[in-house]
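# need a 3D model of the following:
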Amino acid sequence: MGVLAVVCAVGLVVDDRVLAGARIWAKPLKFSLSFVAYGLSLAWMLSLLDRGRRVGWWAGTVVAAASAVEMVIITGQAIRGRRSHFNHETPFDETLFDAMAVTVVILWVGTVAIAFLLLCARIADRAAAWAMRCGIAIALAGAAVGFLMTRPAPGQRRGASPVVGAHSVGVPDGGPSMPLTGWSTTGGDLRIPHFVGMHALQLLPLLVMALTVLAPRVARLADTRTRLRLVLVASGAYAALFGLVTWQALRGQPLLRPDGATLTAAGLIACATAAGVYAALRAPAGLSRRRSRSCPSCGPRSAAPTSTASAS
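Residues are numbered from 1 along each chain as shown. The predicted structure follows:
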């Protein structure tokens, strides 16, 4: 996938063809980079398994093979100047899209198997363990959003329309879009929750790494229970954000033009997250007592000399 990303980047420079409002090599480039991140994340998680490693190897191999088949089709269609997704224009195009649908299901099932292994694994660092578990669960939900894209859009009919399915909601694909991402600026876009959900697989473990790096400098983060609570709060907040952008997209609302209901929901998520972080950072019960016992100038230790002096 890394090599393919370089090839696609060259394609963007030397090939100026446009399809459905986007440069023809943009889609294979984004997919290959996404699979680089996805594959590296799963490989790292599989390396931490204490049991079921052979099953994990097979699940990872299935995911890698399914990814490769999907990218062969996407890249091949780009070379031909044809749509890879939702294309029912010719029997050949329809067969390729159906094959992609099968590979996506296989990839999703393989990831479910890895998620189950992570759930059963005994990992010493509980914060890292739950970051991986929550991250892969949210990533599976994000991948499942792709199935919503295959529903017929208004005006499309299975067996009759050359294109059946769409990324956008409420507007046709290929309209005004955001730079780089290509997300619609005039309607909802299911690629947004797809992207947000899938990348929980990287962002939550990265949060654990950041907390671990900061632990020697921030006393509260040195406590493993505090890091675990922060990871659980972050996972809940991320899941809520995923639900929010999915709801927004399904209502045909552009990401950057939220209505009052979306802003209210976002505010509630922000408040709940802030409250959760505050609660997570509070000193654990008993910490003050441990400090008082270890402090030579505190209560019980300072009272003993006084009593002795009085008795003398």
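# count the neighbours of the closest residue to R257 other than its chain neighbours for me.
Leaving aside its chain neighbours, R257 sits nearest to T185 (7.8 Å; criterion: Cβ to Cβ, 6 or more residues apart in numbering). Bear in mind the C-beta positions are built from the backbone N, C-alpha and C, glycine included. Residues lying near T185 (other Cβ atoms under 10 Å) number 15.
# and if you look at A43?
Neighbour number of A43 under other Cβ under 10 Å is 12.
# next: F35.
21.
# try V6
There are 11 residues near V6, going by other Cβ under 10 Å.
# and the residue nearest to R257, backbone torsions?
phi -110, psi 0 (degrees, to the nearest 10).
# mind listing what it touches?
Contact analysis of T185 by Cβ atoms under 8 Å, 6 or more residues apart in numbering lists 175-178, 254, 256-257.
# quick one, which of these are buried?
Among those, those scoring as buried are 177, 254 (criterion: 16 or more other Cβ atoms under 10 Å).
# need the contacts of T185 in a markdown table (columns: pLDDT).
Listed next are those as a markdown table, based on pLDDT from 0 to 100:
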| residue | pLDDT |
| --- | --- |
| G175 | 87 |
| P176 | 90 |
| S177 | 89 |
| M178 | 91 |
| P254 | 96 |
| L256 | 93 |
| R257 | 95 |
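# got TSV for the contacts of T185, with secondary structure and distance to G243 too?
Listed next are these as TSV, based on DSSP: H, G, I helix; E, B strand; the rest coil; distance: Cβ to Cβ, whole Å:
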residue	secondary structure	distance to G243
G175	coil	26
P176	coil	26
S177	strand	23
M178	coil	21
P254	coil	18
L256	coil	19
R257	coil	19
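# alpha carbons of stretch 242-250, as CSV, please.
Extracted in CSV, the C-alpha atoms of stretch 242-250 (Å, rounded to 0.1, in the frame of the first residue of the first chain):
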residue,chain,number,x,y,z
PHE,A,242,-18.9,9.4,15.6
GLY,A,243,-22.6,9.1,16.4
LEU,A,244,-23.1,12.8,16.0
VAL,A,245,-21.4,13.1,12.5
THR,A,246,-23.3,10.0,11.4
TRP,A,247,-26.6,11.6,12.4
GLN,A,248,-25.6,14.9,10.8
ALA,A,249,-24.7,13.2,7.5
LEU,A,250,-27.9,11.1,7.4
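# what comes up buried for that stretch?
242-246, 248-249.
# closest one of those residues to A127?
Of all the buried residues of stretch 242-250, F242 has the smallest distance to A127: 20.4 Å, by Cβ to Cβ.
# contacting residues for the closest one?
138, 141-142, 193, 196-197, 200.
# 6 Å instead, please
138, 193, 196-197 (Cβ atoms under 6 Å, 6 or more residues apart in numbering).
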